[in-house]
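Asks: everything below, folded, please.
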Amino acid sequence: MPHSNSIFPANLQPGDVIGIVCPSGPMPIENVSECIRVLNELWGFRVKVGKTVGNQYHNFAGTDEERIEDLQLM
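Replies: Predicted coordinates for the structure are as follows:
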């Protein structure tokens, strides 16, 4: 049972925004396009795609600064 002082956010509802970022390794936008479609068209969410999706810097989805900024903006 949750502690009585716990705070629980409201459940997501259609029309809410879901952000997609790549805080680690790179992922081509083509690989997330079906996820975006399902979230948007079938489940009714608005999707915001971060700058790191489709980005690549060596073995990562961007520089440390780009990945931090993308995650913090979401």
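Asks: just give the nearest non-adjacent residue to the one residue sitting closest to the centre of the chain, would you?
Replies: Nearest to the geometric centre of the chain sits Ile20, at 1.9 Å (C-alpha atoms, centre = their mean). Leaving aside its chain neighbours, Ile20 sits nearest to Val49 (5.3 Å; criterion: C-beta to C-beta, 6 or more residues apart in numbering). To be clear about C-beta, it is placed using only N, CA and C from the backbone, and glycine gets the same treatment.
Asks: what about that neighbour, distance to Gly15?
Replies: From Val49 over to Gly15 the distance is 17 Å, taken as C-beta to C-beta, to the nearest Å.
Asks: who's more crowded, the two?
Replies: Set side by side, Val49 and Gly15 show more neighbours around Val49, with 18 against 8, by other C-beta atoms under 10 Å.
Asks: residue contacts, the more buried one?
Replies: Listed by C-beta atoms under 8 Å, 6 or more residues apart in numbering, the contact set of Val49 reads Gly19, Ile20, Ile29, Val32, Ile36.
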